[in-house]
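Chemist: predicted model follows, preceded by the sequence.
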Amino acid sequence: MVRHFRPDPVPSEVLERILATARRAPSAGYAQGQHLVVVTDPAVRLAIAELAGESEHVARGLEPWLSRAPIHLVLCCREEDYRQRYRESDKVRPDGQEVSWPVPYWYLDAGCTLMLILLAAVDEGLGAGFLGGHRLEGVDRLLGLPPEVQVLGLVTLGAAGKIRRTRSEVRGPRPVSEILHRERWNPPPPG
């Protein structure tokens with residue numbers, strides 16, 4: 001995750017390739033409830049940075065991040081897109097009821113969209129960062145989102161500036177044995 005960007009503009013054809021890749025994300029039932037708001041206007045990016053508390057970030061001695069990123073992609077989802085799709089005849093249960101949603105696939109699909117954006121940015125030689133939607137109160141109103149659309153987060157894109165490792169990165173990755181499980185969560189004891 002990149003938190004410092006150079007002022008270099010991102011060519012429009014590069015942005016369009018990233019967006020085209022993002023549109024290839026999987027979607028439960030092909031409901032396509034993932035939405036992106038592309039923000040390139042400097043004044044709107046600055047307003048988003050202020051709503052996200054960038055001034056407090058800078059007051060702690062850190063450099064501006066959000067306001068310097070030349071592109072903001074506001075990642076959103078709309079649950080009703082999924083519910084509408086799963087009320088259609090090829091998706092409804094045999095008893096005529098909508099399927100239950102033990103997993104809210106609108107979030108899973110948006111996560112896939114996010115990952116494709118991050119990978120496409122790297123493939124294009126750009127840096128990207130992500131800020132969770134819990135830090136973006138008021139962005140929905142700023143961007144005129146309908147009330148049923150949920151902001152999940154903000155992806156920043158641009159030419160990476162200096163890279164400084166965060167405390168999380170210094171911690172390092174967990175051992176593979178703690179996160180990769182084969183056949184079972186824990187293998188049975190020998191014998």
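Modeler: Structure received.
Chemist: how far off centre is stretch 70-84?
Modeler: Averaging C-alpha positions (Cα atoms, centre = their mean, to the nearest Å) puts stretch 70-84 10 Å from its chain's average.
Chemist: which parts of that stretch are buried?
Modeler: By 16 or more other Cβ atoms under 10 Å, the buried positions in stretch 70-84 come out as 70-79, 81-82. All C-beta atoms are positioned from the backbone trio N, CA, C, and that covers glycine.
Chemist: which of those fall in helices?
Modeler: 79, 81-82 (DSSP state H).
Chemist: can I get these in CSV with distance to residue 22 and pLDDT?
Modeler: What follows is those, written out as CSV (distance: Cβ to Cβ, whole Å; pLDDT from 0 to 100):
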residue, distance to residue 22, pLDDT
79, 19, 95
81, 16, 94
82, 18, 92
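Chemist: which of these lies closest to residue 42?
Modeler: For those, the closest approach to residue 42 (Cβ to Cβ) belongs to residue 81, at 31.2 Å.
Chemist: need the contact list for the residue lying closest to the closest one once chain neighbours are set aside.
Modeler: For residue 81, ignoring the flanking residues on the chain, the nearest one in space by Cβ to Cβ, 6 or more residues apart in numbering is residue 33 at 3.3 Å. Contacts of residue 33 were listed using Cβ atoms under 8 Å, 6 or more residues apart in numbering, and they are 27, 77-82, 106, 109-110.
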